[in-house]
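Visitor: Structure for the following, please:
(one chain, ligands or ions: 1)
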Amino acid sequence: MCGIVAYIGNKQAYPFLIKGLQRLEYRGYDSAGIALIDNGELNVYKCKGKVADLHNFVGNNNKGGTIGIGHTRWATHGVPNDVNAHPHYSASKNIVMIHNGIIENYGPLKEELKKRGHVFLSDTDTEVLIHLIEDIQQKEKVRLGEAVRIALNQVVGAYAIVILSKENPNELFAAKKGSPMVIGIGDNEFYIASDATPIIEYTKNVVYLEDEEIAYIERGKDLKIKTIKNKSKTPYVQELEMQLEALEKGGYEHFMLKEIYEQPRSIKDCMRGRLSSEKGSLNLGGIADYEQKIVNAKRIIFIACGTSWHAALVAEYLFEELTRIPVEVEYASEFRYRNPIIYENDIVVAISQSGETADTLAAIELAKSKGATIIGICNVIGSSIARATHAGAYTHAGPEIGVASTKAFTAQVTVITLMALQIAYRKGTISATRFHELLVELEAIPEKVERVLKTNEKIKHIADIYKNVSNALYLGRGNSFPVALEGALKLKEISYIHAEGYPAAEMKHGPIALIDEEMPVFVIATKGNSYEKVVSNIQEVKARKGKIIAIVTEGDVQVKAMADYTIEIPETDEILVPLISVVPLQLLSYHIAVMRGCNVDQPRNLAKSVTVE
Ligand code: AGP
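Guide: Have a look, this model is predicted:
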């Protein structure tokens, strides 16, 4: 996710642009840039770092002009640096563009443009698109607005773009598909942004651009909208009701809830450009150079902390099931100090949302010093851990602001699943049929998560019943055991209730002594190989008056008859269940924490990224 802003009107543009970017920093903050036209001059300022760094970088340079665009980046293609920061220039350097989204077919487009003599300065997909637009304008001899429309018909992927041309100082072109864009209508002025937060203090009259629409915004004229198929659309002007604070959270009460609800999109973004069940193709480009090494590996060691360590546990089930490569999972903090045995042909996979966790970084350096190959699964492009690895795959979940990790976990598990599938297919430890079957099932996950989110009210009702307990147990078998651990971590870290996750079969080895009528036991009892065994575990708890809240597969009858409460989730392949079963547990912990008056986004004693030992 990136943040985009633009302005055209009768005031100075810079104040709106720089303040608007600050409002949008929650969407991305690894680099930023601004372009302004003043007295015929196109002035572009961009640099790595936050918006404040950009403001200092602009300094006393000319920031005049009543038309401009601005961008705060969350890198997807190309590490965060000055060159990859937006705005990006066209070949002639007379046109600049800002972009939020992913152009999936930028590779072939770039190759084609290179053949036509185009030279690219950055590694971004954005630069390819603005070069394509100008190339069309010159080749087809059409106006810039028409060149934008023609180019967007060639693009596959998501975009929210704004284009500024030195030759057209009285006009902006904006377009969107799959990424958000709002246009504020002022008095003879227009404000554009990724959401309404930068706009609301100037005007409450907004137009939400729809997918595949282009806005032609000309000084002193009414807003004009066309589709990329050249069909005119009447702008639908709405009046904003939300206040600024609510807007930053997308209308949700907390960032954590917003991020839980973002999961259908973030899981989809994780797969975007990597998986196509239609073509039966799967490609994690970031591990291509090391794929054979992983295929030949005698052992894979996953290292991580916290929620990422739970994702690593899911990886153990996935990789051993699909690739038959032995897997070990290590707490990074333990691994780095216990003088572990590491072989040169070991593959070490480091999982980290922030990419800055000190223990994980130290564990990587230790493994690297012993000759192991390090693969990274990070969410922050260009983060310390990402840069310390030999190869890897980003999770593309967008910034995760809530301290309690939610969408990062499901994005990590998605990337792990893609990686295991790719390796298994290359190794031949999975049939083509099974491979394709799982691709189809994976593509259906976002819609199934969407369906689980619709059970929120029921989950809130259950939260209300158990909000005052002092302890809780979470049980699961197989790849649901890591989900039980994750559910327990969510509850304890935001509601401060003591919670433990256990393999369901472990109950009889001690924890069952804890069961009484006060103890809620959350059980993942979805359809699968160990379903009957989980049913027996539930019976053991019920026999001791324990309370059972079970996550079951839609249509379940047997557990429903036994449990105090059940939450139904859509059926999916057993190895993909963690992607769905974790969502009710995220919502449950969220609602309990809110009902207990806890600070959900910044729980006590916790930091979003543990960059110290
Ligand atoms: C999880 O909700 C916590 N925020 C914490 O356990 C976190 O997962 C852990 O600190 C690891 O962080 P990382 O993924 O950024 O390395």
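Visitor: Report the central residue of the chain.
Guide: The chain has Ala397 as the residue nearest its centroid, 0.9 Å off, counting by Cα atoms, centre = their mean.
Visitor: so which strand or helix has the residue found closest to Ile163 once you drop the neighbours it is linked to in the chain?
Guide: Ranked by Cβ to Cβ, 6 or more residues apart in numbering and with sequence neighbours excluded, the top spatial neighbour of Ile163 is Phe173, at 4.4 Å. In short, each C-beta sits where N, CA and C put it, glycine included. With elements taken from DSSP states H and E, the one containing Phe173 is strand 171-177.
Visitor: same thing with Ala160?
Guide: When secondary structure is defined using DSSP H and E, the element that contains Ala160 is strand 159-165.
Visitor: Next: Gln137.
Guide: When elements are assigned from DSSP H and E, Gln137 belongs to helix 125-140.
Visitor: List the contacts of the residue in the chain positioned nearest to the ligand.
Guide: In the chain, no residue comes nearer to the ligand than Gly306, which is 1.9 Å away by Cβ to the nearest ligand atom. Residues counted as contacts of Gly306 (Cβ atoms under 8 Å, 6 or more residues apart in numbering) are 405, 489, 610.
Visitor: any idea how far it is from Lys93?
Guide: Distance check for Gly306 against Lys93: by Cβ to Cβ, to the nearest Å, it reads 46 Å.
Visitor: Please report phi then psi for the most far-flung residue of the chain relative to its centre.
Guide: Relative to the centre of the chain, and counting by Cα atoms, centre = their mean, the farthest-placed residue is Ala543 at 42.6 Å. Comment: the main-chain dihedrals of Ala543 come out as phi -60, psi -20, following degrees, to the nearest 10.
Visitor: how near is it to Ile430?
Guide: For Ala543, the distance to Ile430 equals 41 Å [Cβ to Cβ].
Visitor: Leu313 too?
Guide: According to Cβ to Cβ, Leu313 and Ile430 sit 21 Å apart.
Visitor: just Ile381 next, same as before
Guide: When Cβ to Cβ is the yardstick, Ile381 and Ile430 sit 30 Å from each other.
Visitor: do Leu438 as well
Guide: 8 Å.
Visitor: swap in Phe319?
Guide: 12 Å.
Visitor: still on that earlier bit, overlap in contacts of Leu438 and Ile430?
Guide: By Cβ under 8 Å, 6+ apart, Leu438 and Ile430 have these common neighbours: Leu421.
Visitor: Looking at these two, which is more packed in?
Guide: Under the criterion of other Cβ atoms under 10 Å, the comparison of Leu438 against Ile430 puts Leu438 first, with 25 against 21.
Visitor: got a list of contacts for the host helix or strand of the more buried one?
Guide: Using DSSP H and E, Leu438 sits within helix 432-453. Outside of helix 432-453, the residues within contact range by Cβ under 8 Å, 6+ apart are 260-261, 263-265, 267-268, 271, 275-277, 280, 282, 410, 414, 417-418, 421, 424-425, 430, 569-570, 572-573, 575-576, 579-580, 583-584, 587.
Visitor: Which positions in stretch 458-466 come out as buried?
Guide: Of the residues in stretch 458-466, those scored as buried under the neighbour-count criterion (16 or more other Cβ atoms under 10 Å) are 459-460, 462-463, 466.
Visitor: hang on, I meant stretch 53-73
Guide: Counting neighbours by 16+ other Cβ under 10 Å, one finds that the buried residues in stretch 53-73 are 54-55, 57-58, 63, 65-73.
Visitor: so which of the residues you listed comes closest to Asn153?
Guide: Nearest to Asn153 out of those is Ile69 (Cβ to Cβ; 22.7 Å).
Visitor: The closest residue to the closest one other than its chain neighbours is in what secondary structure piece?
Guide: In space, not counting the residues next to it along the chain, Ile69 is nearest to Ala6; the distance is 4.3 Å by Cβ to Cβ, 6+ apart. Under the criterion DSSP H and E, the helix or strand holding Ala6 is strand 3-8.
Visitor: pLDDT (mean, whole number) over that strand?
Guide: Rounded to a whole number, the mean pLDDT of strand 3-8 is 97.
Visitor: my guess is Thr72 is in a helix, correct?
Guide: No. Counting by DSSP: H, G, I helix; E, B strand; the rest coil, Thr72 is not part of a helix but strand.
Visitor: Report pLDDT for it.
Guide: Per-residue pLDDT puts Thr72 at 94.
Visitor: That one pairs with what?
Guide: As for beta bridges, Thr72 partners with Gly3, Ala32 under DSSP bridges.
Visitor: thinking it is in contact with Asp53, fair?
Guide: No. Distance between Thr72 and Asp53: 10.7 Å, which falls outside the contact criterion (Cβ atoms under 8 Å).
Visitor: what is in contact with these two at once?
Guide: Any residue near both Thr72 and Asp53 by Cβ under 8 Å, 6+ apart counts here, and that gives Ala32.
Visitor: Output the set of residues of the stretch 401-550 of the chain in proximity to the ligand.
Guide: 403-405, 493 (Cβ under 6 Å from any ligand atom).
Visitor: who wins for most neighbours among these?
Guide: Using other Cβ under 10 Å as the neighbour definition, these reach their maximum at Ala404, which records 30 neighbours.
Visitor: Tell me the spacing between it and Ala193.
Guide: From Ala404 over to Ala193 the distance is 28 Å, taken as Cβ to Cβ.
Visitor: where does the stretch 1-150 of the chain have low pLDDT?
Guide: Per-residue confidence of the stretch 1-150 of the chain (counting by pLDDT under 70) places no residue in a weak region.
Visitor: can you map out the strands along it?
Guide: Chain-ordered strands for the stretch 1-150 of the chain, with DSSP state E, counting those that start in this stretch as the definition, fall at 3-8, 31-38, 41-48, 67-73, 88-89, 95-100.
Visitor: Of all the ones you listed, which one comes closest to Ala358?
Guide: Among the strands of the stretch 1-150 of the chain, the nearest to Ala358 by Cβ to Cβ is strand 41-48 (22.3 Å).
Visitor: any idea how far the closest one is from the chain center?
Guide: Strand 41-48 has its C-alpha centroid displaced from the chain centroid by 28 Å (Cα atoms, centre = their mean, to the nearest Å).
Visitor: In CSV, could you pull the C-alpha coordinates for it?
Guide: Written as CSV, here are the backbone C-alpha positions of strand 41-48 (Å, rounded to 0.1, in the frame of the first residue of the first chain):
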residue,chain,number,x,y,z
GLU,A,41,9.0,24.7,-14.3
LEU,A,42,8.5,21.1,-13.3
ASN,A,43,10.1,20.6,-9.9
VAL,A,44,10.5,17.1,-8.5
TYR,A,45,11.8,16.3,-5.0
LYS,A,46,12.0,12.7,-3.8
CYS,A,47,14.1,10.7,-1.3
LYS,A,48,14.3,7.6,0.9
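Visitor: What residues of it count as buried?
Guide: Burial within strand 41-48, assessed by neighbour count using 16+ other Cβ under 10 Å, is assigned to 42-48.
Visitor: residue ranges for the helices of the stretch 451-600 of the chain, please.
Guide: With DSSP state H, counting those that start in this stretch as the criterion, the stretch 451-600 of the chain has helices at 456-466, 481-495, 531-543, 558-562, 577-595.
Visitor: elements contacting the second one?
Guide: On a contact count with 3 or more Cβ pairs under 8 Å, 6 or more residues apart in numbering; DSSP states H and E, helix 481-495 meets helix 306-323, strand 471-476, strand 498-503, strand 520-524, helix 577-595.
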